[in-house]
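# what follows is a predicted structure for the sequence shown.
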Protein chains: 2
Amino acid sequence: MTKRSYNQYCGLAVALDLLGERWTMLVLRELLLGPRRFKDLLDGLPGIGTGLLSQRLKELEAAGVIDKATLPPPAGSNVYRLTEDGESLRPVLLGLTRWGMTRLGTPEADQYISSETLAVAVAARFNPATAHDAAGTHRLDIDARPFLLDIANGQVSVRAGEADRPVVSISTDSGSLIALINGTRTLADSLAEGFIAIDGDPAAIMALARAFDLAASEPE
Amino acid sequence: MTKRSYNQYCGLAVALDLLGERWTMLVLRELLLGPRRFKDLLDGLPGIGTGLLSQRLKELEAAGVIDKATLPPPAGSNVYRLTEDGESLRPVLLGLTRWGMTRLGTPEADQYISSETLAVAVAARFNPATAHDAAGTHRLDIDARPFLLDIANGQVSVRAGEADRPVVSISTDSGSLIALINGTRTLADSLAEGFIAIDGDPAAIMALARAFDLAASEPE
DNA sequence: CCGAATCCGGCATGATACTG
DNA sequence: CAGTATCATGCCGGATTCGG
């Protein structure tokens, strides 16, 4: 039984033959943050079901977009991670994310929200044109989960994990981050009222705010 | 009966709720080239069926990504076209196309090929970093169908139609263009053996070749 | 010719149960 | 925890039909 295909000699059609099935790109979104176990993926994709996730992972692995690795002892568990080819989808996925974010209002009561998707959302807001002086590794904690933002060569990449010696450290919770992202609350207010804590060199902080288009009202 | 949704507060999930269903992005690919009638879309998307195309168009129109217009008399027919919001998907769709093109070998016998998808493929190859001096409107004829390539501000956009006074005019057929794109035949050979005809200012031609990464072996 | 509605067989998906 | 097996449901693909 052969997989269904658009059967067109067209880059987009071929990309969609592979990535266009339900859940596939969301699986890759999860992997943008780093290697993930089966269970981690299930948790981040409510509704997918084990069978379908298993099938998607096999398809992606067969296509060379992800691979499977066994963690060294004592962990010993399997993780899935992006290959170099999969990694090259990062700007494309962030581009789609950015497009979708414009039609993202305030969260509905029944909508799934995770610190992971918010971390990706932050990365999608990154604007290379205003990124001067924002280079380096920064730390972002959302609901006490640590992420690191790597900015180099005018590009950003987010990962789960703790930064070694971050240039800037930011700490907040989902609700406050959402309020900041959709413009309900300014950065200045967020800081003043204690919804967000930022630590680091003032100049670097300003540069970061600019790089993510959050400098509407400047933090002091 | 309500449309199915990932129901996540995430830009990518929202984008895929709308664009992730089967055929949707390929419909938009067709519209990248300009307004299209229902029948044109059917022809460019073999296998879709009238019902599903009709449904997709309604979904996209409801979401404000496309709109429907009635051509002035005597044509009087309906056309579908991208709204400004839909137009902003152009770089995203071209990015996915570029990613997919790398796994596009030589055409299979039963694969659908059209001058339209090839025109999009050409645009997807555009490299802003090497685009100096390639600005302007150029004409590209594929299998006698005219397209125009607009290059401005380091960005490219393709449309169906005839350019007024093109800076450079290129004329070729699908097979020759495919051979050029996938590296089977160099630009120099294509010209020497008459598979491609190019007309225009030599400096502009060179700039174009560079902008599309085709200058491996230089013409002349 | 344009566009949409309908019916139907088959496959993809979603949920749960089950095994190592 | 990491998947496989199973089954009900609903989406998709193809054909046909129908009104403008």
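That came through, no problem.
# can you list the low-confidence ranges for chain A?
A:1, A:73-76, A:216-220 (pLDDT under 70).
# and the residue in it that DNA strand D sits nearest to, how many residues sit next to it?
Nearest residue of chain A to DNA strand D: residue A:39, at 3.0 Å (CB to the nearest atom of the strand). In short, each C-beta sits where N, CA and C put it, glycine included. When neighbours are defined as other CB atoms under 10 Å in any protein chain shown, residue A:39 has 10 of them.
# gap between it and residue B:12?
In this view, residue A:39 and residue B:12 are 21 Å apart by CB to CB, to the nearest Å.
# isn't there a strand covering residue A:95?
No - when classified by DSSP: H, G, I helix; E, B strand; the rest coil, residue A:95 is found to be helix rather than part of a strand.
# is it true that it touches residue B:95?
Yes - under the criterion of CB atoms under 8 Å, residue A:95 makes contact with residue B:95 at 5.9 Å.
# chain neighbours aside, what residue packs nearest to residue A:99?
Nearest residue to residue A:99 in three dimensions, chain neighbours excluded: residue B:15, at 5.5 Å (CB to CB, 6 or more residues apart in numbering or on different chains).
# so what's the residue positioned nearest the centre of chain A up against?
Nearest residue to the geometric centre of chain A (CA atoms, centre = their mean): residue A:120, 2.2 Å. Residue A:120 sits next to A:29, A:32, A:33, A:94, A:97, A:158, B:10, B:11, B:12 when contact means CB atoms under 8 Å, 6 or more residues apart in numbering or on different chains.
# from those residues, list just the buried residues.
Buried by 16 or more other CB atoms under 10 Å in any protein chain shown: A:29, A:32, A:33, A:94, A:97, A:158, B:10, B:11, B:12, out of the contacts of residue A:120.
# could I get those as a markdown table with distance to DNA strand D and secondary structure?
Supplementary listing: those in a markdown table, determined by distance: CB to the nearest atom of the strand, whole Å; DSSP: H, G, I helix; E, B strand; the rest coil:
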| residue | distance to DNA strand D | secondary structure |
| --- | --- | --- |
| A:29 | 18 | helix |
| A:32 | 19 | helix |
| A:33 | 16 | coil |
| A:94 | 25 | helix |
| A:97 | 22 | helix |
| A:158 | 22 | strand |
| B:10 | 20 | coil |
| B:11 | 21 | helix |
| B:12 | 18 | helix |
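# name the helix or strand for the residue nearest to the centre of chain A, please.
Element membership for residue A:120 (DSSP states H and E) is helix A:115-124.
# output that helix as PDB - backbone C-alpha positions only.
Written as PDB, here are the backbone C-alpha positions of helix A:115-124 (Å, rounded to 0.1, in the frame of the first residue of the first chain):
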ATOM      1  CA  SER A 115       5.400  27.000  27.600                       C
ATOM      2  CA  GLU A 116       6.900  25.300  24.600                       C
ATOM      3  CA  THR A 117       4.600  26.800  22.000                       C
ATOM      4  CA  LEU A 118       5.100  30.200  23.700                       C
ATOM      5  CA  ALA A 119       8.900  29.900  23.400                       C
ATOM      6  CA  VAL A 120       8.500  29.200  19.700                       C
ATOM      7  CA  ALA A 121       6.200  32.200  19.400                       C
ATOM      8  CA  VAL A 122       8.800  34.400  20.900                       C
ATOM      9  CA  ALA A 123      11.400  33.100  18.400                       C
ATOM     10  CA  ALA A 124       8.900  33.800  15.600                       C
END
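# how far off centre is that helix?
Taking CA atoms, centre = their mean, to the nearest Å, one finds helix A:115-124 lying 4 Å from the centre of the chain it belongs to.
# swap in stretch A:182-190?
Distance, stretch centre to chain centre, for stretch A:182-190: 21 Å (CA atoms, centre = their mean).
# alpha carbons only: can I get it in PDB?
Extracted in PDB, the C-alpha atoms of stretch A:182-190 (Å, rounded to 0.1, in the frame of the first residue of the first chain):
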ATOM      1  CA  ASN A 182      -0.600  40.300  21.900                       C
ATOM      2  CA  GLY A 183      -0.100  43.800  23.200                       C
ATOM      3  CA  THR A 184      -2.500  43.700  26.100                       C
ATOM      4  CA  ARG A 185       0.200  44.800  28.400                       C
ATOM      5  CA  THR A 186       3.400  46.800  27.500                       C
ATOM      6  CA  LEU A 187       6.800  45.700  28.500                       C
ATOM      7  CA  ALA A 188       7.200  48.700  30.800                       C
ATOM      8  CA  ASP A 189       4.000  47.800  32.600                       C
ATOM      9  CA  SER A 190       4.900  44.100  32.800                       C
END
